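Enquirer: Quick one, what's the 3D model for this:
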Amino acid sequence: MKKMFFPLIGFILVFFSACYNQVSNENHSAIDVEVQMKGDSTRYGLVCDGGSDSVIVLLPNEGGDPIKFDIVTAKRNGMVYGNPQIGDALAIVPNPIDPYEAEMVIDLEQMKGTWTFQVLPKLKPNPTKTEEEILAEMSDSIKAALFVPREYGFTLKSYNQASPVGYIMKANSLEDESPVEYPKVTVYTSWHIFNGRLYIYKDTLDEHGHRISQDSVGFDSGSMRFLSADSMAALFGKKVMQYHRKKSALEANREAQKAEIKIASNAIIKK
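Expert: Residues are numbered from 1 along each chain as shown. Coordinates of the predicted model:
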């Protein structure tokens with residue numbers, strides 16, 4: 001029995017190495033996969049060796065043999081987002097008529113990370129002056145000191161987790177004296193691809209710390225427009241949001257904190 005056992009193990013290892021031996025990232029695991037949601041026709045898995053400019057070989061998350069997808073039409077239509085490499089987690093939306101032809105390809109591995117965009121503060125409402133009057137009274141140097149851009153955005157993580165970018169600690173009480181204010185940071189907690197669309201789910205707690213029922217949790221959904229190593233764009237509603245990659249949320253939040261300190265230190269000049 002022992003003589004048969006070891007050759008059998010060797011055969012199994014050789015079989016699985018056909019797809020896994022060139023996986024570029026050893027952090028992949030059977031747990032770190034996109035969760036299939038009810039009604040989602042997207043196929044999820046890892047990119048295998050054997051692909052080409054016209055074909056992607058996918059090892060599906062649900063198991064089974066690798067699947068070859070024709071991506072010629074998806075490429076022609078500009079629906080391949082990212083630059084899939086062997087070992088990357090991938091989402092493929094198949095043609096409903098031909099299940100082996102991809103309508104859309106999204107490199108989920110490339111989507112993970114911190115994505116930000118710049119926001120500017122707006123003038124607070126003034127009961128006695130219009131916005132035009134307030135701005136007219138400000139010198140260019142004061143405007144430059146007050147209207148400091150800040151990075152907002154989100155971090156898309158493994159296991160479909162997400163977190164917000166842009167939170168800062170108040171520099172001091174002078175913030176309340178500033179004539180400008182930044183928009184509220186949206187708190188995101190999770191994300192999914194659903195039939196090719198990006199869904200980012202908002203906080204599951206309300207402003208009082210109470211749990212929000214699952215069917216009432218808000219979300220933003222967008223259709224992909226572009227994805228590369230350092231840039232991403234998606235259409236949310238009627239607006240295309242353009243993001244650039246940050247090394248980490250900590251880096252983006254540090255920059256936001258610096259902007260907040262600069263705003264607070266100049267708050268008194270409004271008078």
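Enquirer: which residues of the protein fall in helices?
Expert: 2-20, 72-76, 108-111, 131-137, 140-146, 249-265 (DSSP state H).
Enquirer: helices or strands up against the second one?
Expert: Meaning helix 72-76. Under the contact definition 3 or more CB pairs under 8 Å, 6 or more residues apart in numbering; DSSP states H and E, helix 72-76 sits against strand 102-107. From N, CA and C alone the C-beta is placed, and that goes for glycine too.
Enquirer: what pairs with the spatially most central residue of the chain across the strands?
Expert: With distances taken as CA atoms, centre = their mean, the residue of the chain nearest its centroid is residue 156 (4.3 Å). Beta bridges link residue 156 to residue 113, residue 162 when assigned by DSSP bridges.
Enquirer: Ok, residue 199 next?
Expert: With DSSP bridges as the criterion, residue 199 is bridged to residue 192, residue 221.
Enquirer: List the contacts of it.
Expert: Contacts for residue 199 were tallied using CB atoms under 8 Å, 6 or more residues apart in numbering; they are 191, 192, 193, 219, 220, 221.
Enquirer: Does residue 157 touch residue 109 like I think?
Expert: No. Contact between residue 157 and residue 109 fails when scored by CB atoms under 8 Å: they sit 11.9 Å apart.
Enquirer: out of the two, which sits in the busier spot?
Expert: Comparing residue 157 with residue 109 by neighbour count (other CB atoms under 10 Å), the higher total belongs to residue 109, at 22 against 16.
Enquirer: quick one: that one from residue 229, how far?
Expert: Going from residue 109 to residue 229 by CB to CB, to the nearest Å gives 11 Å.
Enquirer: Then residue 196?
Expert: Noted for residue 196: a distance of 21 Å to residue 229, by CB to CB.
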